[in-house]
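Peer 1: how does the following fold in three dimensions:
(one chain, ligands or ions: 1)
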Amino acid sequence: MSAPQASRPTVLDGIVAGVLEDLAARQTRLSESDLRAALADVPPARDPMPHFRGPGSSVIAEVKRKSPSKGDLADIPDPAALAKEYAAGGAAAISVLTEQRRFNGSLDDLRAVRAAVDTPLLRKDFIVTEYQLLEARAAGADLALLIVASLPGDELRRLHDSARELGLTVLVEVHDEAETERAVDLGAELIGVNARNLKTLAVDADTFGRLAPLVPADRVLVAESGITGPTDVQRFVDQGARAVLVGEALVKHGAPRDAVAAMTGLKAGKAEM
Ligand SMILES: O=C(O)c1ccccc1NCC(=O)[C@H](O)[C@H](O)COP(=O)(O)O
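Peer 2: Alright, predicted model coming up:
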């Protein structure tokens with residue numbers, strides 16, 4: 001009998017490996033106890049849930065320079081200026097990609113955006129340790145992303161509980177049926193369905209419609225990736241999304257404030273009218 005084949009590392013494995021190397025370097029500069037001490041000066045996290053549960057679609061507008069699937073998207077020399085445009089357009093939250101190697105983001109971007117707007121902020125990264133949650137809160141984030149695919153076994157619950165103890169709202173991201181079941185069992189209040197397949201990086205717009213029925217109605221569903229404009233948003237709202245997370249279409253748009261405004265406040269059922 002031949003030995004079992006080790007499964008090949010996925011795109012996600014590669015990203016997380018780089019994230020862990022960069023994290024180790026930061027941890028040598030700032031100990032976890034010093035980071036915890038710094039939290040004493042940070043105001044409490046904002047709660048984005050009332051906005052998401054309010055009438056019409058909410059937009060989580062992303063600051064995203066680059067991605068593994070598309071390469072360079074936009075320069076964004078001043079993320080704070082872009083965030084102000086998003087806020088003026090009515091974004092319910094702003095997502096800042098802080099991963100450096102593949103997305104060209106940083107915690108400095110998050111801090112700059114925090115200083116510029118009062119809108120709830122999401123640290124969008126590949127979070128696999130409590131230290132990264134502490135960094136998120138210390139930089140002024142109100143939400144943190146946890147990707148179910150990168151958190152096996154008890155890790156998901158452990159980090160979810162730690163994030164909640166820090167006052168962070170958690171966006172729990174799923175890609176398929178099994179991950180959705182784990183998110184629901186966890187009791188996640190905010191569940192993001194990411195249409196981007198992490199093995200092929202292709203976006204499948206039907207993913208949301210497939211997974212949404214598996215999520216109880218008391219949870220808030222976010223549709224993520226590949227959303228190009230109000231027509232896409234309307235389709236996801238009709239399928240049960242309360243919010244959409246949009247990166248590429250906004251960073252490439254000449255008028256991001258107007259683009260956010262056009263995606264905000266859409267109500268289920270409008271598409272049939
Ligand atoms: O964007 C990628 O190529 C990517 C690849 C691997 C893991 C994550 C990736 N993106 C993170 C995101 O989830 C998106 O930035 C977010 O959903 C916005 O997507 P889009 O509107 O399509 O830029």
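
Peer 1: check which helix or strand residue 172 maps to.
Peer 2: If you go by DSSP states H and E, residue 172 is part of strand 169-174.

Peer 1: listing partners with orientation, what would you give for that strand?
Peer 2: Strand 169-174 sits in its sheet next to strand 143-147 (parallel), strand 190-194 (parallel), going by DSSP bridges.

Peer 1: quick one: distance of the helix of greatest length in the chain to the chain centre.
Peer 2: If you go by DSSP state H, the chain has its longest helix at helix 11-29. From the chain centre to the centre of helix 11-29 is a distance of 18 Å (Cα atoms, centre = their mean, to the nearest Å).

Peer 1: contacts for whichever helix or strand comes after it next, please.
Peer 2: Once the chain leaves helix 11-29, the next helix or strand it forms, by DSSP H and E, is helix 32-38. Residues outside helix 32-38 that contact it (Cβ atoms under 8 Å, 6 or more residues apart in numbering) are 130, 131, 134, 135, 138. (C-beta placed from N, C-alpha, C; glycine too.)

Peer 1: for the ligand, state which of these is nearest.
Peer 2: residue 135 (18.4 Å; Cβ to the nearest ligand atom).

Peer 1: just to check, the closest one is in contact with residue 111?
Peer 2: No - checked against Cβ atoms under 8 Å, the pair residue 135 and residue 111 is beyond contact range at 10.4 Å.

Peer 1: the two: who's more crowded?
Peer 2: residue 135 (25 against 19; other Cβ atoms under 10 Å).

Peer 1: roughly how far apart are the residue lying closest to the more buried one once chain neighbours are set aside and residue 141?
Peer 2: Leaving aside its chain neighbours, residue 135 sits nearest to residue 107 (6.1 Å; criterion: Cβ to Cβ, 6 or more residues apart in numbering). Computed as Cβ to Cβ, to the nearest Å, the residue 107 to residue 141 distance reads 9 Å.

Peer 1: same deal with residue 73?
Peer 2: With Cβ to Cβ as the criterion, residue 73 and residue 141 are 22 Å apart.

Peer 1: cool, and residue 163?
Peer 2: Residue 163 is 10 Å from residue 141, by Cβ to Cβ.

Peer 1: these two: which has the busier surroundings?
Peer 2: Neighbour totals were compared for residue 163 and residue 141, and residue 141 leads with 33 against 27 (other Cβ under 10 Å).

Peer 1: helix/strand/coil for residue 153?
Peer 2: What DSSP: H, G, I helix; E, B strand; the rest coil gives for residue 153 is coil.

Peer 1: got phi/psi on residue 221?
Peer 2: phi -100, psi 140 (degrees, to the nearest 10).

Peer 1: what pairs with it across the strands?
Peer 2: residue 191.

Peer 1: show me which residues of the chain sit near the ligand.
Peer 2: 11, 62, 64, 67-69, 194, 196, 198, 201, 224-227, 245-249 (Cβ under 6 Å from any ligand atom).

Peer 1: swap the cut-off to 8 Å and go again
Peer 2: 11-12, 15, 62, 64, 67-70, 73, 95, 97, 102-103, 124, 126, 173, 192, 194-196, 198, 201, 203, 224-227, 245-251 (Cβ under 8 Å from any ligand atom).

Peer 1: distance check, the residue nearest to residue 121 when sequence neighbours are not counted against residue 111.
Peer 2: Distance criterion Cβ to Cβ, 6+ apart; nearest residue to residue 121, sequence neighbours excluded, is residue 141 at 5.0 Å. The spacing between residue 141 and residue 111, counted by Cβ to Cβ, is 10 Å.
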